[in-house]
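**Student:** how would this look folded up:
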Amino acid sequence: MFESLSERLGGVFDRLTKAGALTEADVVAALREVRVALLEADVSLPVARDFIKRVQDKATGVAVTKSVTPGQMVVKIVHDELIRVLAGDGEPDALKIDNPPATILMVGLQGSGKTTTTAKLAKRLKDRGGKRVLLASLDTNRPAAMEQLAILGAQIGVDSLPIVKGETAVQIAKRAKTQANLGGYDVLFLDTAGRLHIDEVLMDEVQAVRDIAQPRETLLVVDGLTGQDAVNVAAEFDGKVGISGVVLTRMDGDGRGGAALSMRAITGKPIRFVGLGEKMDALETFEAERVAGRILGMGDIVALVEKAQETFEAEQAERMAKRFAKGLFNMNDLKMQLEQMIKMGGMQGLMGMLPGMGKMQAAAAEAGLDDKMLRRQIALIQSMTKKERANPDLLAASRKKRIAAGAGMDVADLNRLLKQHKQMADMMKKMGKGGMMKQALKQMMGKGGLPDPSKMTPEQLEEAARGMKQGMGQGGGFPGMPRGGLSLPPSLSGLMKKK
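**Tutor:** As a prediction, the model looks like this:
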């Protein structure tokens, strides 16, 4: 999300920060380019104009142009203004689900991903909040819409309202409310019908359901790929139904992201969540500071910690810590780390969350440092016998030919993998002797397993980030992270140079 905008802004700010001294004319010229970048990213003209005016007022003063690092000062001002545009008056409160059964009304146009988003939110509340959730589809128009929600509910382990043919949306809403009360549910999701466009029939039905359901939250689901029209849809729904928040879907696509920047400024309603894929866990809370950081290539350490928390198993991590502390690192360990990288979003996903790595994503992809490479390396390891994985020193020429042929690759590919493994194993031994690995994993995991980032103070998050930086930056975390900190590991950097 925001790749093209991030790339354009990155180019502008690179020139600013390299220039050294800045004049007001330099800043104005740079902001003119920023304005064009915002408009090309589908940000509405009034929002872009207002944004540039506020930045220019702050960035052309003597305090900025005469400061020690004027370029970085301008970047900071743009960053702060981006947060202001995305967050409005402040970050939105948590979903109001304090008075069970709390009803959440899901509205939106057909094809926006409303039903899938309903299931994703239900899974999130069940898994992270321990809530008992009931799903009810009110879509009597779209064929198999009710069956779709019931199937998704079964997949995520959430109850759905039994389907009774011939009922109207209002009748289903009444029955769902009764069922939620009698069944002792914490949250009731009502998935309303959509249309291909806004019309009176759609609005009348949604208003009637709203009056019956008395929802605690009314969430509008809009497709982020529709660009500026998504903002118009939000304004229409808010004016006629009243919404409490927005969920933007398909933000993992090639859309230009301008809808997110315009949404809060024009509607005044917060963006609560963003959908980043089809999987049931591909939903993130929308937090202005983190999104602004990603747009400007500053990374998102909090998201990285969250990903680690979701994918690491505490017992597995503990076993890894003990092995690494002894300087042990065989092919099974490397395979585990490669699989962990894929679970956490792959090479591109991880690089997008690491500070300063956003600009290297395209270069890494061109050099072949992508998820395909990780999977090919896993295939090579799987082609080995148990003894060979435990002791790679056994790999003579004949064995290498057999392993490479078994994975459908060349011996040269296997040699590169073995070199990467040796580099990492050497680092593990060094870190094991000094106790650095144990300390890094301890910082990352805490005493009771991985921490919950949502309950951590900024200081604790910083400490966790330092632990990850130390572990990954010294070769002890995910493969390919270089010594200087959160970047590509020496092994992958070596591959990059050879390409």
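**Student:** Tell me which other helices or strands the helix or strand encompassing residue 232 touches.
**Tutor:** Under the assignment given by DSSP states H and E, the secondary-structure element containing residue 232 is helix 228-240. Of the remaining helices and strands, those touching helix 228-240 by 3 or more CB pairs under 8 Å, 6 or more residues apart in numbering; DSSP states H and E are strand 102-108, strand 217-223, helix 258-267. No exception for glycine: its C-beta is placed from N, CA and C like everyone else's.
**Student:** Low-confidence regions, the stretch 1-150 of the chain specifically.
**Tutor:** Judged by pLDDT under 70, the stretch 1-150 of the chain has its weakly predicted residues at 1-8, 17-22, 61-71, 88-93.
**Student:** mind listing the helices for it?
**Tutor:** Secondary structure of the stretch 1-150 of the chain (DSSP state H, counting those that start in this stretch): helices at 3-18, 24-40, 45-59, 62-65, 70-87, 114-129, 145-156.
**Student:** Any chance of those in a markdown table with mean neighbour count and distance to residue 222 as columns?
**Tutor:** What follows is those, written out as a markdown table (neighbours: other CB atoms under 10 Å; distance: least, CB to CB, whole Å):
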| stretch | mean neighbour count | distance to residue 222 |
| --- | --- | --- |
| helix 3-18 | 17 | 19 |
| helix 24-40 | 17 | 19 |
| helix 45-59 | 17 | 16 |
| helix 62-65 | 14 | 37 |
| helix 70-87 | 20 | 16 |
| helix 114-129 | 21 | 9 |
| helix 145-156 | 18 | 18 |
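**Student:** and the ones you listed as JSON lines, adding distance to residue 410?
**Tutor:** As requested, those are exported to JSON lines (distance: least, CB to CB, whole Å):
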{"stretch": "helix 3-18", "distance to residue 410": "32"}
{"stretch": "helix 24-40", "distance to residue 410": "43"}
{"stretch": "helix 45-59", "distance to residue 410": "51"}
{"stretch": "helix 62-65", "distance to residue 410": "55"}
{"stretch": "helix 70-87", "distance to residue 410": "44"}
{"stretch": "helix 114-129", "distance to residue 410": "41"}
{"stretch": "helix 145-156", "distance to residue 410": "40"}
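**Student:** Minimum distance to residue 97: which of these has it?
**Tutor:** helix 114-129 (7.1 Å; CB to CB).
**Student:** Show residues contacting the closest one.
**Tutor:** For helix 114-129, the external contacting residues (CB atoms under 8 Å, 6 or more residues apart in numbering) are 95, 97, 104, 106-108, 131-133, 135, 137, 139, 145, 148-149, 152-153, 155-158, 186-187, 189, 191-192, 194, 219, 221, 247, 249, 273, 275, 278, 280-283.
**Student:** returning to what we had before: out of the helices and strands packed on helix 228-240, which gets nearest to residue 31?
**Tutor:** Shortest separation from residue 31 across the helices and strands packed on helix 228-240 is recorded for helix 258-267, at 15.7 Å, computed as CB to CB.
**Student:** angle of whichever helix or strand comes after that closest one against helix 258-267?
**Tutor:** The element immediately downstream of helix 258-267 (helix or strand, assigned by DSSP H and E) is strand 271-275. Counting by axes from the mean of the first three to the mean of the last three CA atoms, to 10 degrees, strand 271-275 lies at 160 degrees to helix 258-267.
**Student:** Need the contact partners of strand 271-275.
**Tutor:** Contact partners of strand 271-275, identified using CB under 8 Å, 6+ apart, comprise 1, 86, 92, 95, 113, 116-117, 120-121, 219, 224, 245-252, 260, 263-264, 282-286.
**Student:** That one vs helix 114-129, what angle?
**Tutor:** 100 degrees.
**Student:** Specify the next element, helix or strand, located C-terminal of strand 271-275.
**Tutor:** Proceeding N to C from strand 271-275, the next assigned helix or strand is strand 283-285, under DSSP H and E.
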